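> Have a look; sequence and predicted model below, questions after that.
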There are 2 protein chains.
Amino acid sequence: MGINAPIGVFDSGVGGLTVAREIMRQIPDERMVYFGDTARLPYGTKSKETVIRYSKQIIRFLKTKQVKAIVVACNTATAQALEEIKNGLDIPVIGVIDAAARVASEVSRNGRIGVIGTTGTIESGMYEKALKEYNPQVQVYGKACPLLVSLVEEGWLHDSVTEEVVGRYMKDLEYKSIDTLILGCTHYPLLRSIFRKVAGEGVTLVNPAYETAMELSSLLDSERLRCGQDVEQAGRKYEFYVSDAAEKFCDFANSILPYDIEKVQQLNVECYEAD
Amino acid sequence: MGINAPIGVFDSGVGGLTVAREIMRQIPDERMVYFGDTARLPYGTKSKETVIRYSKQIIRFLKTKQVKAIVVACNTATAQALEEIKNGLDIPVIGVIDAAARVASEVSRNGRIGVIGTTGTIESGMYEKALKEYNPQVQVYGKACPLLVSLVEEGWLHDSVTEEVVGRYMKDLEYKSIDTLILGCTHYPLLRSIFRKVAGEGVTLVNPAYETAMELSSLLDSERLRCGQDVEQAGRKYEFYVSDAAEKFCDFANSILPYDIEKVQQLNVECYEAD
């Protein structure tokens, strides 16, 4: 393993592709191995204990690919499992919460910040904890939005039903006079235009996928892990693995990534259990 | 194992409780062990291969509870895995598709039958296959409705958004002049009033949960497996197991079952892998 090793990125399914997309855009020279746990998605409704077990299995798989750093590209897994994952790992690991919390705490003028995400992410309180570490004065208002992942996966990205559901969920936050909203689930950046419309111009949207790719870039510099190779063909540079339904993953990936994936490999991640 | 042994019932999560509820109503003397695979739900978007593997693990667990018969209380698992499950099992197994298909083929006057369910159930074509076995002349129109499970689990059972989504999905079927509609996902009976309203009085709704409990009752008679004990206290008669989030399961169960569950036990079903 060295500076030309790939970055490992994982998520419960397709959502983390919004993070992968930002990494491709911001640090295009890096290689990447992506794993989507499509056989066991979604993580958002599952317990902390289960999300930790699943995440550790995936990390064991990524280690077999000799990755030089790992991005937990899933808000739920970051909220529930990041601390446990870090223990005993000899490579850097970052989640999607910290950079977004730092930026949100910086851009908010009135200190009233909304966070939306899955039930697991919101109930964990991890965004609030991270935000208060950057600024103990902020008021944080969390709202679980369980239907939005299904709406994105149904492809209803610009739909009146989705707008109605977003409006329903946002009603609770409107009364709180937030001026900053963290899109705390990797699917939500795909609904950005609806959030922009419902939340109004006065609210700054923070996209953790974008901020995490920025943080990864800084980390590679500070740890002297930046890739030294020439840029390869995109098809050979990125590898995609899933635990189920490779074809469906491929279709979704090709609808949001800047190039077409040709190959997605399926594997049984349950085999990567601890010894 | 004998006539006083429990019936094993399993589902990917809470949906199968609509089947369990019908069994409790129709054959109240029987004991039951219910397993909900909440750590890996939903099954509806997963591949056949994965659904078979998960179902077989659950069957191995149910066998440890000495069940005398098994009900696959999940349309996706019935569609994808019932045939494979039956192989090598020495106790009767029924799914939720066959009885519903028989009844639908009998009640339809114009032979035009709609089936709604998860993507996995609809793509499997198993309802169409079963319907045509009972009456080769029927025309079957399937429609996958992926959002409805999320809406039920969010608790939006009598909601304008749910009505709009149901209306959207039903539009395709309206043009087909169906006179019978199979609610081919165990969550859907909980949306019965919305389906009744959207589909109109001219369409007969077939509820596989109800028909399956009827079929189970006949099966216990024909196999001489009917329970011979006196009725016990409900709390001791039914056992509930899940692979994750026992408390949330308990809340949902108590909202739809005729009595309150006190205890739901959590276990790691991945351990029940084949030797």
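That came in fine, so what should we check first? Numbering: from 1, shown residues only, chains lettered A, B, ... in the order given.

> Wait, A:K176 touches A:G114, no?
Yes. With contacts counted by C-beta atoms under 8 Å, A:K176 reaches A:G114, the gap being 6.8 Å. Just so you know, the C-beta spots here come from the backbone N, C-alpha and C atoms, and that holds for glycine as well.

> Overlap of the contact sets of the two?
The contact sets of A:K176 and A:G114 overlap at A:Y141 (C-beta atoms under 8 Å, 6 or more residues apart in numbering or on different chains).

> Name the residue in the two with the higher neighbour count.
The neighbour comparison of A:K176 against A:G114 (other C-beta atoms under 10 Å in any protein chain shown) goes to A:G114, with 29 against 13.

> check contacts around that one.
Neighbouring residues of A:G114 by C-beta under 8 Å, 6+ apart: A:V140, A:Y141, A:G142, A:K143, A:L173, A:K176, A:I178, A:T180, A:L181, A:I182, A:V203.

> Of these, grab the buried ones for ChimeraX.
Only the buried entries of the contacts of A:G114 go into this ChimeraX selection, using 16 or more other C-beta atoms under 10 Å in any protein chain shown:
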select /A:140,141,142,143,173,178,180,181,182,203
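
> Skipping adjacent residues, who's closest to the residue of chain A found nearest chain B in space?
Residue of chain A nearest chain B, by C-beta to the nearest C-beta: A:S150 (4.1 Å). Setting aside the residues directly before and after it, A:S150 is nearest to B:S150 in space (C-beta to C-beta, 6 or more residues apart in numbering or on different chains), at 4.1 Å.

> isn't the one you found right up against A:P146?
Yes. Judged on C-beta under 8 Å, B:S150 makes contact with A:P146 at a distance of 6.6 Å.

> And the strands in chain A, which stretches?
A:7-11, A:32-36, A:69-72, A:93-94, A:112-117, A:139-144, A:180-183, A:204-206, A:238-242, A:264-266 (DSSP state E).

> returning to what we had before: how many neighbours does the residue nearest to A:S150 have?
By other C-beta under 10 Å, the residues close to B:S150 number 22.

> Could you tell me how far it is located from B:V165?
10 Å (C-beta to C-beta, to the nearest Å).

> how about the residues of the stretch 51-200 of chain A near chain B?
A:P146, A:L147, A:V149, A:S150, A:L151, A:E153, A:E154, A:V161, A:E164, A:V165, A:R168 (C-beta under 8 Å from any C-beta of the partner chain).

> how about a markdown table for those residues, with distance to B:T64 and pLDDT added?
Shown next, in a markdown table, are those (distance: C-beta to C-beta, whole Å; pLDDT from 0 to 100):
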| residue | distance to B:T64 | pLDDT |
| --- | --- | --- |
| A:P146 | 33 | 92 |
| A:L147 | 37 | 95 |
| A:V149 | 34 | 93 |
| A:S150 | 34 | 92 |
| A:L151 | 39 | 95 |
| A:E153 | 35 | 88 |
| A:E154 | 38 | 90 |
| A:V161 | 44 | 97 |
| A:E164 | 46 | 97 |
| A:V165 | 42 | 97 |
| A:R168 | 44 | 95 |
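
> Take those and keep only those in helices.
Among these, DSSP state H puts A:L147, A:V149, A:S150, A:L151, A:E153, A:V161, A:E164, A:V165, A:R168 in helices.

> Most widely separated two among those residues?
A:E153 and A:R168 (18.8 Å; C-beta to C-beta).

> so where's the stretch 151-275 of chain A shaky on pLDDT?
Applying pLDDT under 70 to the stretch 151-275 of chain A flags the ranges A:229-235, A:275.

> Please enumerate the helices of it.
A:160-174, A:192-199, A:208-222, A:234-237, A:246-256 (DSSP state H, counting those that start in this stretch).

> can you put these in CSV and add distance to B:Y54?
Listed next are those as CSV, based on distance: least, C-beta to C-beta, whole Å:
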stretch, distance to B:Y54
helix A:160-174, 30
helix A:192-199, 34
helix A:208-222, 31
helix A:234-237, 33
helix A:246-256, 17
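
> out of those helices, deepest packed?
Of all those, helix A:208-222 has the most neighbours on average by mean count of other C-beta atoms under 10 Å in any protein chain shown, namely a mean of 20.
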